[in-house]
Each structure stands twice: as C-alpha cells, then as structure tokens.
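>>> Quick one: sequence plus predicted model below, questions after.
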Amino acid sequence: MATNEKLPPIGGMHNSLVLSNTNQQLVAHPTAYKVSGSKHFLPPKESLNPGHDTCTGTIETWPAHASKSVSNTSILARGKAPKNRTPKPKFLSGLEAYAKRELYILKCEGEEPSELRLQAFREVFEYLIDDFKTYKPLLSQIKNEYEKNLSSLRQQIRELEPLKSMLVTVSEKCEQKIQEIREAEQHEIKELLQNRMELLDVIDRHRENEVSLNTQIARLQEELASEYKRYRNEHEMRKMLLAEINELRSQNADQKKVATEVVAAEEDPDGDPVTLKIALKCARNDLTRCLDDLNVMKADYNDVVPRRDYEILLKKHEGMENESRGLRQEFAKLHMEHKTLLQVHEEVLVNRDEIYTEVTQLKRSATPRPSWTNCHDYLAVDEDKWTTSIKDKSSKDILAMLMQHFAAGEGGGGGANFTGKGTGADVPKYLRYEGPVKNRNMSKTELSNLMKEIWAAKAKSDGERGSKQAISEFLYDFFMNKFHEVPEFVSEWAYSMYDSLEKFKEEDNVLFLQAVLDGTANEEFYYHHMEVIRNLMLTLQTFDPDSTGTISAAGFSQALAQAYPHKKPTQSKELLNACLQELGETEGTKALLKYMDVFTEDEEGRTGPFLNLLRRQENEEINAYVKDVIDQVKSNKTNEVGMMLLREAFMMVDPAINQEQMQKHLRLAFRCFPEELDDVEPIPLETLLKNLPKSGVHRCG
C-alpha cells in the first residue's frame, strides 16, 4: 500500500445540514449557524493552524448505510460483493487489501486469535494513525494503552504458569493422601468388624454360662429346700426318739425289778402262784409294747442321715452359694462391658456411614487417575517395553509419549480405515460392504459392553423366534436395528468389532465369541456356562433367606455341595479357597462372606478368581465327558459316526441322560435342526472330535 497517497476530499462540505427535533433546530452555513433563534459565528479560516489542522489529508465521503453493511462483515470472510453496492473509499479498500494480503502471507486467514494476526492488524492501524495527522496523538495514546494492557496480561499469564503446575502437583498429592486415608480406614473398619464379631461370640458364651448358672442355682435351691425340710423332720424325730428312749429305760427298770421279784419267787418255793402269774402277764405285755415301739422307730427313722453327713452337705451348700455370688458379680461386670461395646459399635456405625458418604461424594466428584499400563492395548508396542518406558514418569511425560506414538501412526492397532470385503456369498452377512470403512479403534471396555449387549439380545431374539438364528444373520439384524439401517454405521461397528476380537483374543470371552463367529464353537457352550453360574447363585440365595447378601463359609460349602453334587470334595475345597481369597478372608474365621461380590465383572468384562476357577473346572469336566464319548465311539472301530452310534455312546457314558437332553446333544454334535436328525448323514470321526468340545454337550448325571 502507498502510504503517501492522500484521501480524496470530502464532498458537500458547504452544503447545509439541518437537524430537527421537538425543541431545537440547527442550520449550518459557511460562516455562521443558528440554535433556537440565536446566531453563532464561526472563527475565521486564517485563525486555524495551517500546519496541524489544515494539512490532515483529504477524506472521501461514504454513505452511512454502506458503512453499516461493511461493519457486519469480516474483511477476510466476505464473499462476493452484492450488486448495486455503493463503492468503498480508496483508502479503506487499500487498508483492507493490505490486511488481507498480510494475513494470507502469515497463514492466519481463520478467525482464531494469534500473535501473527494481531501484528498484521497492528501495522494496518499504524498506517491509519500516520495518515490522520490531527488525531495521531490521541490514536497513538490509545494504541499504546492497549499494548500496555496486552503486555500486562502476558506477564500475568507467565506468572500463573508455575502456579498451574503447582496446582496439578498439589492435586495429585491430595488424591494420593485421600487414597491412603481410605485404605487405612478400610483396614480399621475391617478390624473393628472382626473385633465386633469376636465380642458378640464372647457375649453369647457368657449368656449361655448365665443361663447354665441360673439353672444350677434353681436346682441347688430346690435341693437345699428339700434337705432343710428333711433335716427339720429329723430334728423333730430325734426329740421324739429321746422321749421314747427315756420311757423305754423306765420300763426296762420296772421290768428288771419285776424279773428280780419273779426270780426271788421262783427260788422261794413258798411263793404266791397268783403273783407270779400276774408278773408273767405284765412281762409279756411289756415285751409286745417294746417290739411295737421298735418297729415304729425303724419305720420313722429309716431315712435319717448322721449329723456328720449333714455338716458336710451344709459346707458344700455354703461353698456353692459363694460361687454363685461370684458368678453374679462377673455377670454384672460383663453386662456393663456389653453395654459399653454396644455404644462403641453404634459410634463405629456412625463413623462408617460418614466415611461411606464421603467416599461416595469423592467417587462422584473426584477425577479418577488414568490407568497408563492399559495404553499398550491401543499401541503397536510390547507390553513389557511399554511398562518399562512409563516407569517413574509423571502423567505429563506419559501423555507426551502417547502423543508421539499416535503422531507416528502406532496407535489404534488397525489404521484409520478398513477395506470392505465385498458383498459375495462367502463373506458373512454382517461384513458385506464395499469401499473404505472407518476404524473405531474399540477399547476392551467398549468391546466387553458390546459383547454383553449382543449375547443378551441373541437370547431374547431366539426366545421370541422359538428357534436358534445363525449368529452371522443375527449380527446383521442386530446392527441394522441398533443403527436404524444406516449401512455406513453398520459396517463401521461390525468391522471394528471383528478387528477388536482379533486384537484382544487373549481374553477367554473374546476368544469364544470369535470361535462362534468362525464356526468352530457353538453358542450353547456359552449358555451352559451361564446356567452353571446362575444355578450356584440361586442356591446361595436359598441359604440366605433374609436376603442380607452374606453367608458363612460353612453355608457356602453346603451351597456348593447342593448346586454341584457330582463335584469332588477337593474341587469344592478349591472353589471355597478361591472365594475366600477373592473376598480377602481367611479359612477358619467366622466372618460372613458377601457372596454376590464373586459374581461381578470389571469394566473390561474380566471376572475374579472364583468364576475363573469354576469355568475351568466345568471345562475340564466337559473335556473328560467328551473323551469318554469319543473312546466309546472308537471302540466300534469305525471312521464315520452315525446318529444311532453316537446315541448309544451318549447312553453308555451318561445313563442318566433323558430323551430331551439326548436330542439336544445329537443336534449339537451333528449341527442340524431337530427335525433333521432322522435323515442326518454320518460324519467323519475327526469332524466329531472338532465339534464336540465346544458344542455345549455336558454330563447330565
């Protein structure tokens, strides 16, 4: 742009300008103007400064409506000029052309702010200031103020950069500290729960002891009452016995006196016979009375114990009373301790609820830390190499490494696009597409969620149809319904899923779905495993009638024995140990097991040690069953297996199999529909060996 080119003169400077409103009228002319009837004169032209006020360049006139249309349109984003438009002034056109050219050279044609874009418009503004000499000081001062403010803001940004880094560091430290506090509190809560269970056991034992002691006290009180009654009767009987003994002694003295008289009479031949007769009669009466009294005494005092035994029992009773009194005091002390433990337990429950609320809030509001070790799944690098390269590095450095890998084209594991396999009959229906297909680069989590959705939809669809649909046809219908029959989306998800199955085939669930799609496995194998797990879950729920979600280790063992009656004791023991290991418990403790936790999966579809062991045991039992069937078939020394031969082998190996299960096993082995079993052709033994292991057959009894 030529900076010495002057603006054209303003036209119509000597025309009259009239501004009208309700109260005043202004009339302008070369030398004077009127306002509300008063006339005002302009200063003479010679009084102006000729070097500053008159030599300011000439300006072209431009209508107001034209400036409005230009102000609403960017000088860079403007399209083709409309027809019959008022032409711009040359100076404005020149400035816009210069600005547009500079922005094009600097490659800043977009609307995003940048330093280069600002520098281009700064030069345009300087040209504008230089051309207007009259307003140059004011415009320069305005420009300088803006520059100062921009410099101040840049300085503030530079000062805040370290604070930003420090804020990230402090945030990481706080998150680490929060995690440590959570782990410590979790450990303390576990110890408190264990102590609570032990204290409850102690309280139960003391309660049982209390009941036993109360029973003994009641029995001893009854025995004491009976002994007291017996001793009182004995005391009264002794008094009566002494009185009778004294009476007998007096009678005995009288009898001796009479006997003496009788002897004297006998010695005396002159004794009176009448007297002797009377004495004899009295002696006989006394003898009869003595015998009666002796019998009465034997009958009354037969159960009387000696005084020595009575004193021994009395001392024993006093000792038991002292022991009972001590037990009562210990029971009172334990009762107080029990109340204290209940108060402590309530406080622990309150603290647990507060901690749980805080943890819930943190889970909802806190940002989780990324798992950098899982990034190797999306990069074309070895897992060990990636783990070694990110060791002892910050999140910022690891993110920079990821960006380098992505920039080098190592991310995604399959490129940006796939090439369609075509629409031929040999291509599965859900992969029939021609042209490039976008690669979604599915993660393990996305693939796991998609697989769960596919299996659930497949089971629902087969239930509604009443028959099994081929997996390739079902996937085509599934994706068409999911994406409203848009072929591009259907092919994009189908090809991305197929690529992810190949990429993550080290996972058992991924490998099995790939085998089903390739035709080397049957989906009934998956449904059988789900039924085995569901059977155990329902059995465990029957051992938990109150639906508390917990069960003892003994109850868990009983549930395993009831759900799987044909498992060996060693296998059930291994399952119990795997459950205890997964739940963090040890064998021999009386803690309750949260049995539903062993049936959970992580976000990538991986299960815990318990379900992995259960599936492995089930696969071993299926392989053993298949081996027995194959050995039975081989005993007939034939290379082709027919329906009747295989049926006989199933019945010999598993006599408990019923007719319905037999039809299902034969259908899975020959891969045909039930109505085609009678006409099915024999298949080679090698084909049967390939079909049976993952066909879904299993031992029924």
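That came in fine, so what should we check first? Numbering: from 1, shown residues only.
>>> hey, let's count contacts and neighbours off CA atoms from now on
OK.
>>> gap between Y527 and Y625?
Using CA to CA, to the nearest Å, Y527 is found at 18 Å from Y625.
>>> Looking at those two, which is more packed in?
Y625 (20 against 14; other CA atoms under 10 Å).
>>> hang on, K694 in a helix?
No - looking at K694 with DSSP: H, G, I helix; E, B strand; the rest coil, it is coil, so not inside a helix.
>>> Not counting its neighbours along the chain, what's nearest it?
A521 (5.1 Å; CA to CA, 6 or more residues apart in numbering).
>>> The one you found contacts A669, correct?
No - using CA atoms under 8 Å, A521 makes no contact with A669, being 10.9 Å away.
>>> between these two, what contacts are shared?
Residues touching both A521 and A669 (CA atoms under 8 Å, 6 or more residues apart in numbering) are 691, 695.
>>> Look at the two and report which has more neighbours.
A669 (24 against 21).
>>> What mean pLDDT does whichever strand or helix holds D309 get?
D309 is part of helix 307-365, with elements assigned from DSSP states H and E. For helix 307-365, mean pLDDT rounds to 87.
>>> what's it packed up against?
helix 136-267 (3 or more CA pairs under 8 Å, 6 or more residues apart in numbering; DSSP states H and E).
>>> how distant is the helix it packs on from the center of its chain?
35 Å (CA atoms, centre = their mean, to the nearest Å).
>>> likewise stretch 620-628?
35 Å.
>>> buried ones in that stretch?
622-623, 625-628 (16 or more other CA atoms under 10 Å).
>>> which of these lies closest to S635?
D628 (10.7 Å; CA to CA).
>>> quick revisit: can I get the buried residues of stretch 620-628 in CSV with distance to Q581?
Formatted as CSV, those follow (distance: CA to CA, whole Å):
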residue, distance to Q581
I622, 26
N623, 27
Y625, 30
V626, 32
K627, 32
D628, 34
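>>> Show me the residues you listed that map onto strands.
Of those, none are assigned to strands by DSSP state E.
>>> Return the closest of these with respect to R205.
For these, the nearest to R205 is I622 (48.0 Å; CA to CA).
>>> hang on, that closest one packs against R699?
Yes - between I622 and R699 there is a contact at 7.1 Å, judged by CA under 8 Å.
>>> Which residues are in contact with each of the two?
By CA under 8 Å, 6+ apart, no residue touches both I622 and R699.
>>> Now Q632: closest residue in space, sequence neighbours ignored.
Using CA to CA, 6+ apart, the nearest residue to Q632 is A649, at 5.6 Å.
>>> which residues touch that neighbour?
629-630, 632-633.
>>> Within the helices and strands, which one has it?
helix 643-653.
>>> List the buried residues in that helix.
In helix 643-653, counting by 16+ other CA under 10 Å, buried: 643, 646-647, 649-650, 653.
>>> could those residues go into TSV alongside distance to Q541 and pLDDT?
Output for the buried residues of helix 643-653, formatted as TSV (distance: CA to CA, whole Å; pLDDT from 0 to 100):
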residue	distance to Q541	pLDDT
M643	41	83
L646	38	85
R647	37	85
A649	37	85
F650	33	85
V653	33	86
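>>> P693 touches A624, doesn't it?
No - counting by CA under 8 Å, P693 sits too far from A624 to count as a contact (9.5 Å).
>>> now the host helix or strand of N481, how far from the centre of its chain.
If you go by DSSP H and E, N481 is part of helix 471-482. Put simply, helix 471-482 sits 31 Å off its chain's centre (CA atoms, centre = their mean).
>>> Which elements pack onto that helix?
With contacts taken as 3+ CA pairs under 8 Å, 6+ apart, helix 471-482 sits against helix 444-465, helix 487-503, helix 508-518.
>>> Report the mean confidence score over it.
In this model, helix 471-482 has a mean pLDDT of 86.
>>> Go through stretch 98-117 and flag the buried ones.
98-100, 102-103, 108, 117.
>>> Phi and psi next, for G422.
For G422, the backbone dihedrals are phi 100, psi -180 (criterion: degrees, to the nearest 10).
>>> how about it, what does it touch?
Counted by CA under 8 Å, 6+ apart, G422 has contacts 431-435.
>>> so which two of these are the farthest from each other?
L431 and G435 (11.7 Å).
>>> Next, show the common contact partners of those two.
Common neighbours of L431 and G435 (CA under 8 Å, 6+ apart) are 420, 422.
>>> which one of these two has more residues nearby?
L431 (22 against 11).
>>> P428 is in contact with S491, correct?
No - in this structure, S491 is not within contact of P428 by CA under 8 Å, at 11.6 Å.
>>> Give the residue from these two that has the larger number of neighbours.
S491 (25 against 18).
>>> So for that one, what's the pLDDT?
87.
>>> For Y498, see how far away it is.
10 Å.
>>> what residue ranges in the stretch 51-200 of the chain score low on pLDDT?
Applying pLDDT under 70 to the stretch 51-200 of the chain flags the ranges 51-86.
>>> In contact with the closest residue to S552 other than its chain neighbours, which residues?
Excluding its sequence neighbours, the residue lying closest to S552 (CA to CA, 6+ apart) is L592, at 4.7 Å. Each residue near L592 by CA under 8 Å, 6+ apart is listed here: 550-553.
>>> mind redoing it with 10 Å?
197, 549-556, 585 (CA atoms under 10 Å, 6 or more residues apart in numbering).
>>> if we can go back for a sec, contacts for the helix holding N481 next, please.
427-432, 453-454, 457-458, 461-462, 468-469, 484-487, 489-494, 513, 516-519, 522-523.
>>> run the last query once more with 8 Å
428-430, 454, 457-458, 485-487, 490, 493-494, 516-517.
>>> List the buried residues for that helix?
471-472, 474-476, 478-480.
>>> do the same with stretch 388-404
If you call a residue buried by 16+ other CA under 10 Å, then stretch 388-404 has these buried ones: 390, 398, 402.
>>> start to end distance for stretch 667-686?
17 Å.
>>> separation between P428 and E618?
31 Å.
>>> Run through the residues that contact L666.
Shown in contact with L666 (CA under 8 Å, 6+ apart): 643, 646-647, 677.
>>> Which member of the residues you listed is positioned nearest M240?
Closest to M240, out of all of those and judged by CA to CA, is R647, at 100.2 Å.
>>> which phi and psi does S114 have?
phi -160, psi 170.
>>> excluding its backbone neighbours, what's nearest it?
In space, S114 is closest to C108, 8.0 Å off (CA to CA, 6+ apart).
>>> Check whether the one you found really touches L116, as I assumed.
Yes - between C108 and L116 there is a contact under CA under 8 Å: 7.2 Å.
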